[in-house]
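A.B. asks: Prediction below, plus the sequence it came from.
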Amino acid sequence: MAESITLARPYANAAFEVAVADKALAEWSGMLKTLAAVAADDKISNLLKNPALTAEKQADALLAISGDETSAKGKNMIRLLAENRRLTLLPEIAEIFEVLKAAKEKSIDVELATAFTLSDALVEQLTQALQKRLDRTVKLHTSVDQGLIGGAVIRAGDTVIDSSVRGKLNKLAESLSS
């Protein structure tokens, strides 16, 4: 069976094209995040996987829960997903949509894990340096991981910059053992 991300990609691309054409990226982003959160709930997920329910009933149940958050075109997409038994793909669809949206807006979410809390000034300097290096608007999310010992690990999409002491020790151990 194909991976869920592979199955979700065409739906995410179609939703993105509609959102761009309607100049409604933010609205679609919010709508898909809401639908993904609802679909990811254990009880709702079990309902959406229930083969005894018709596609129409599954779509109606999901739309009833999501309320007024779903536009007319969004409702059409939900009904299409239900017909194709793909409602459980909503979290992956929302994730892919966000990646496409970020690429269009030339922005990127960056995770920064450090051994210690950084000052606001240093966070701002890092943000500026990353924006220059990545040529995108950076949304920096920081966290503290004391297991790093020192240094930092930066994750920006597929790019990982590991300048932590733990990472350097692991590389040293790897080179000594080979």
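C.D. replies: Here it is on my side, so go on. Residues are numbered from 1 along each chain as shown.
A.B. asks: Shouldn't residue 141 be within a strand?
C.D. replies: Yes. Residue 141 sits within a strand when classified using DSSP: H, G, I helix; E, B strand; the rest coil.
A.B. asks: Check what pLDDT the residue nearest to the spatial centre of the chain gets.
C.D. replies: In the chain, the residue lying closest to the centroid (C-alpha atoms, centre = their mean) is residue 95, at 3.6 Å. Model confidence at residue 95, given as pLDDT, is 93.
A.B. asks: Other residues contacting the helix or strand harbouring it?
C.D. replies: Under the criterion of DSSP states H and E, residue 95 resides in helix 90-104. With contact meaning C-beta atoms under 8 Å, 6 or more residues apart in numbering, helix 90-104 is reached by 4-5, 7-9, 11-13, 15-16, 19-20, 25, 28-29, 32-33, 35-36, 38-40, 81, 108-109. Glycine gets a C-beta too; all of them are placed from N, C-alpha and C.
A.B. asks: quick one: which of the residues you listed sit in strands?
C.D. replies: Among the contacts of helix 90-104, the ones falling in strands (DSSP state E) are 108, 109.
A.B. asks: which residues in this protein form helices?
C.D. replies: Ranges of helices within the chain are 4-21, 25-40, 42-49, 55-66, 72-83, 90-104, 120-134, 165-177, based on DSSP state H.
A.B. asks: Distance to residue 149 for the ones you listed - can I get that in CSV?
C.D. replies: What follows is the helices of the chain, written out as CSV (distance: least, C-beta to C-beta, whole Å):
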stretch, distance to residue 149
helix 4-21, 34
helix 25-40, 35
helix 42-49, 38
helix 55-66, 45
helix 72-83, 46
helix 90-104, 32
helix 120-134, 18
helix 165-177, 4
